[in-house]
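In: Sequence first, then the predicted structure:
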Amino acid sequence: MRHRHSRVRDALLGVEPLEGFAYYANRFRDQLATLPDFDVSYLDESLVVTDRLREQSALKMSSEARDQQRQLLSLRNRLITLLVGKVAAARRAFRFVSGGRSSREQRQRAPQARRREAYEAEAVQEEVEPAGRA
């Protein structure tokens, strides 16, 4: 496919200079007609050939471009689907590990949890001491 595409590009690159020369030479058509062994119909033929080449290469490029675009869109959609799946799996794993809380909530709760645990440990220790003394 790339080989055909490069040939089409090369043909297009050859079309533009040929067309430019033909239009430029067409300005001097009367003077060129006076030259010996020069047929003025070559100018008309060159314009017809460039038009045909341009049409033909445009058709080829458009169908090839459409095929390439379809392939690229298909690959893009597959990649997006895979990435969405990976992100969903990572989110599920994070929710499992964090107990459903975000990391910000965890950071905010950590000092509170430590204070609460220390307070509860103190309360348990106070309850145990009186029972131990008696």
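Out: Yep, that arrived. Numbers count the residues shown, from 1 in each chain.
In: Go through the protein and flag its longest helix.
Out: helix 41-98 (DSSP state H).
In: chain center to that helix: distance?
Out: Here helix 41-98 is found 9 Å from its chain centre; the criterion is C-alpha atoms, centre = their mean, to the nearest Å.
In: for it, what is the average pLDDT?
Out: Mean per-residue pLDDT for helix 41-98: 83.
In: Which secondary structure elements does that helix sit against?
Out: helix 2-27 (3 or more C-beta pairs under 8 Å, 6 or more residues apart in numbering; DSSP states H and E). C-beta: built from backbone N, CA, C; applies to glycine.
In: got the CA coordinates for whatever helix or strand comes next after the helix it packs on in CSV?
Out: Downstream of helix 2-27, the next assigned helix or strand under DSSP states H and E is helix 29-33. Taking Å, rounded to 0.1, in the frame of the first residue of the first chain, the C-alpha atoms of helix 29-33 are listed here in CSV:
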residue,chain,number,x,y,z
ARG,A,29,1.4,30.0,-28.1
ASP,A,30,1.6,32.3,-31.1
GLN,A,31,5.4,32.7,-30.9
LEU,A,32,5.9,28.9,-30.3
ALA,A,33,3.9,28.1,-33.4
